[in-house]
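Novice: Kindly return the folded structure for what I paste below:
(one chain, ligands or ions: 1)
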Amino acid sequence: MHSTYATDTVQAVTLMDAHDRLHVLLLDQRQLPGAVVYTRIETAEQMAEAITQMIVRGAPAIGIAGAYGFVLALHEAVQSNPDATSLLASMSLIATRLKASRPTAVNLAWAVNRLMQVLQEQLAECNPLVLKAVLEAVQKEALAIHEEDYQGNQQMGRFGAALLPKGAKILTHCNAGALATGGYGTALGVVRAAYEADPTIRVYADETRPRLQGARLTAWELMQDGIPVTLIADSMAAVVMRDIGIDAVFVGADRIAANGDTANKIGTYQLAISAAAHQVPFYIVAPLSTIDLSLAEGRLIPIEERDPDEVRCVVSGDDNDMTVWLAPQAVPVFNPSFDVTPARYITGVITEKGIAYPPYAESLLALFQ
Ligand code: MRU
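Specialist: Reported below is the predicted structural model:
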């Protein structure tokens, strides 16, 4: 059996339990758009490393990948742990390792915690000798996380598309598409749904320094589907808003605090300020799994700082084996991977349960009731 359902969009993460050892295929996003290469993952440690190295990236996609990593580990752990207590202790260490692989996107911890909870319930309920049932229940939950993400994205797409005029010009940042999710997209899900109803829309994609997810991934993904896209450097967004005219900005999120402050790819904050200056509506598109009601405000969101070389150079070539230096190799660099956009710049948060509007402390909470 091929464990994930078929979609007509690109799949970043696929659980495979064919006639082979259980494994996960990750589309290696570091190699796009030059090559479409899949990496085989067989252990939770390999999955944690793949998440850190951004073979898979995007908040919902790393949640799904983390969940599948947990399943891979559980299949191993049941062989070597004779009782429920040692199995739980061993899986708790694995969960901690997976969750630490990227700290800002809360979807990762959310997904791994959800599986840990199912494991605990199963072990409490079942005779621990019936490990097959435990394994099946946890794997079923991981697949449900993937499926729910895909369905939720489509719902967000419909909500977002309804906000747009005919021939809309949409600006987006980073990649919040099929590549970043279970296979449809949050911000690009809105684009997909809008394009289906009106093929005259056009997308402006920020290139998104330093890792160029907009140039490498969003441009590629939209071109695969024939959706009109124009690539711009990040520094051009304000001019595009003023001189070309943008109807709305749609971006994804890595974590949304209870007051609506939103962490997303570095550069989102300056885009929101530009949008406010040009009276362009600025929407966050994200599933409920990205909302972290345990954090009162955005300054509490942990922000990942990455390798300074991401800013100093670009890597390319087969297996990313060529380095082109853009700056002196020893120049000091500040490289936060995400920023927090204050809630006051956000017009609305589009989720699978509806659109939240200010004041967010009330509207976000209401989505969970
Ligand atoms: O560093 P990345 O590429 O994982 O950052 C991705 C983003 O910031 C996305 O906008 C966010 O995860 C939402 S993806 C639907």
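
Novice: in the stretch 151-300 of the chain, which spans are strands?
Specialist: In the stretch 151-300 of the chain, strands defined by DSSP state E, counting those that start in this stretch lie at 169-172, 202-206, 229-232, 248-251, 255-257, 262-265, 282-285, 291-292, listed in chain order.

Novice: remind me which residues of the stretch 251-369 of the chain are low pLDDT?
Specialist: Applying pLDDT under 70 to the stretch 251-369 of the chain flags residues 317-319.

Novice: rerun at 50
Specialist: Of all residues in the stretch 251-369 of the chain, none has pLDDT under 50.

Novice: in it, what residue is nearest the ligand?
Specialist: Going by C-beta to the nearest ligand atom, the ligand is nearest to residue 252 of the stretch 251-369 of the chain, at 2.7 Å. All C-beta atoms are positioned from the backbone trio N, CA, C, and that covers glycine.

Novice: For that residue, the count of nearby residues, please.
Specialist: A count of nearby residues for residue 252, using other C-beta atoms under 10 Å, gives 30.

Novice: burial of the closest residue to it other than its chain neighbours, as a residue count?
Specialist: Nearest residue to residue 252, sequence neighbours excluded (C-beta to C-beta, 6 or more residues apart in numbering): residue 176, at 2.9 Å. Close neighbours of residue 176, defined as other C-beta under 10 Å, add up to 33.

Novice: okay, now the domains of this structure?
Specialist: Domain assignment for the chain, taken from automatic domain parsing, gives 13-153, 154-367.

Novice: and the last one, how far apart are its ends?
Specialist: Translated: domain 154-367. 17 Å (C-alpha to C-alpha, to the nearest Å).

Novice: how about the residues of this protein that lie near the ligand?
Specialist: Within the chain, the residues that sit near the ligand (C-beta under 6 Å from any ligand atom) are 57-60, 105, 174, 176, 180-181, 186, 213, 251-254, 264-265, 337.

Novice: Which of these are buried? Put it as a PyMOL command.
Specialist: PyMOL command restricting the residues of the chain next to the ligand to the buried ones, with burial defined by 16 or more other C-beta atoms under 10 Å:
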select buried, resi 57+58+59+60+105+174+176+180+181+186+213+251+252+253+254+264+265+337
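
Novice: Next step: the residues of the chain next to the ligand restricted to helices.
Specialist: 59, 60, 213 (DSSP state H).

Novice: quick check, nearest of those residues to the ligand?
Specialist: residue 59 (3.5 Å).

Novice: Contacts only, for the residue nearest to residue 252.
Specialist: By C-beta atoms under 8 Å, 6 or more residues apart in numbering, the contact set of residue 176 is 58, 185, 186, 187, 188, 250, 251, 252, 285.

Novice: if we can go back for a sec, now the residue of the stretch 251-369 of the chain closest to the ligand: phi and psi?
Specialist: Torsion angles at residue 252 (phi, psi; degrees, to the nearest 10) stand at phi -90, psi -170.

Novice: before we move on, back to that, quick check: the farthest pair among the contacts of residue 176?
Specialist: Greatest spatial distance in the contacts of residue 176: 58 and 250, 14.5 Å, computed using C-beta to C-beta.

Novice: want to try JSON lines for the strands of the stretch 151-300 of the chain, with distance to residue 155 as columns?
Specialist: Shown next, in JSON lines, are the strands of the stretch 151-300 of the chain (distance: least, C-beta to C-beta, whole Å):
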{"stretch": "strand 169-172", "distance to residue 155": "18"}
{"stretch": "strand 202-206", "distance to residue 155": "20"}
{"stretch": "strand 229-232", "distance to residue 155": "23"}
{"stretch": "strand 248-251", "distance to residue 155": "15"}
{"stretch": "strand 255-257", "distance to residue 155": "17"}
{"stretch": "strand 262-265", "distance to residue 155": "19"}
{"stretch": "strand 282-285", "distance to residue 155": "11"}
{"stretch": "strand 291-292", "distance to residue 155": "15"}
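
Novice: which one of these lies closest to residue 36?
Specialist: Closest of the strands of the stretch 151-300 of the chain to residue 36 is strand 229-232, at 18.4 Å (criterion: C-beta to C-beta).

Novice: mean confidence score for the lengthiest helix in the chain?
Specialist: In the chain, with assignment by DSSP H, the single longest helix is helix 131-161. The average pLDDT for helix 131-161 rounds to 96.

Novice: what's that helix packed up against?
Specialist: Here helix 131-161 touches strand 13-16, helix 59-80, helix 106-125, helix 187-197, strand 282-285, strand 348-351, going by 3 or more C-beta pairs under 8 Å, 6 or more residues apart in numbering; DSSP states H and E.

Novice: That helix to helix 59-80, inter-axis angle?
Specialist: 180 degrees (axes from the mean of the first three to the mean of the last three C-alpha atoms, to 10 degrees).

Novice: Helix 131-161: which residues count as buried?
Specialist: Quick answer for helix 131-161 (16+ other C-beta under 10 Å): 131, 134-135, 137-139, 141-143, 145-146, 148-150, 152-161.

Novice: just how off-centre is stretch 213-222 within its chain?
Specialist: Centroid separation for stretch 213-222 versus its chain: 14 Å, with C-alpha atoms, centre = their mean, to the nearest Å.

Novice: Could you give me the buried positions within it?
Specialist: Neighbour counts using 16+ other C-beta under 10 Å place 213, 214, 215, 216, 217, 218, 219, 220, 221, 222 of stretch 213-222 among the buried residues.

Novice: Could you do stretch 31-49 as well?
Specialist: Buried residues in stretch 31-49 (16+ other C-beta under 10 Å): 31, 32, 39, 41, 43, 44, 45, 46, 47, 48.

Novice: Cheers, nothing more for now.
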